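> sequence and predicted model, in that order:
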Amino acid sequence: MNQPNPEINAEVIATWLTNNIAEQLEVEPDVIDKGEPIENYGLDSARGAILMSRAEKQFDLKISPMLLWYYPTIEGLSERLAEDFAESEPEVFEIL
C-alpha cells in the first residue's frame, strides 16, 4: 500500500519543477525565477506536456496539462500540485 509522503510539499515540487525545466531548456536552474511565467522561458506546449508527464510519474498524481495555463508560474503550479498530493488517497488493494 502506498502511503503519502509528508515530505512532499510545494517547496520540494518547485525545486523539482525548476530542475526539470532547466534541464529541458539546457540552462542552469538558478536562472529560473519561480515567480516568472514558465512560458517566458520558451517552454512550448510539447515541452510542457513532457514536464507534466514526468511530474505525474514523479509524484504519482494524475495531472491535467491545463494546469500550466491556470498556474503559469512554478510557484503557483507547485502549490496546486502540493494540494493535490496532500489530498490524494493512497491506493488500497483489498484481498477477497
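Perfect, I can see it now.
> state the pLDDT value of Q3.
Listed pLDDT for Q3 reads 47.
> show me where this structure has its helices.
According to DSSP state H, the chain carries its helices in the segments 10-25, 45-59, 67-70, 74-87.
> for the first one, which positions count as buried?
It stands for helix 10-25. Applying a neighbour-count criterion of 16 or more other Cβ atoms under 10 Å, one finds 10, 12-14, 16-18, 20-22, 24 buried in helix 10-25. C-betas here are computed from N, CA, C, even on glycine.
> list the contacts of the one residue sitting closest to the centre of the chain.
Per Cα atoms, centre = their mean, the C-alpha nearest to the average position across the chain is that of A55, at 4.7 Å. In this structure, A55 makes contact with 13, 16-17, 20, 61, 63, 81, judged by Cβ atoms under 8 Å, 6 or more residues apart in numbering.
> may I ask which two of the buried residues of helix 10-25 are separated the most?
Spatial extent of the buried residues of helix 10-25 (Cβ to Cβ) is set by the pair A10 and Q24 at 20.7 Å.
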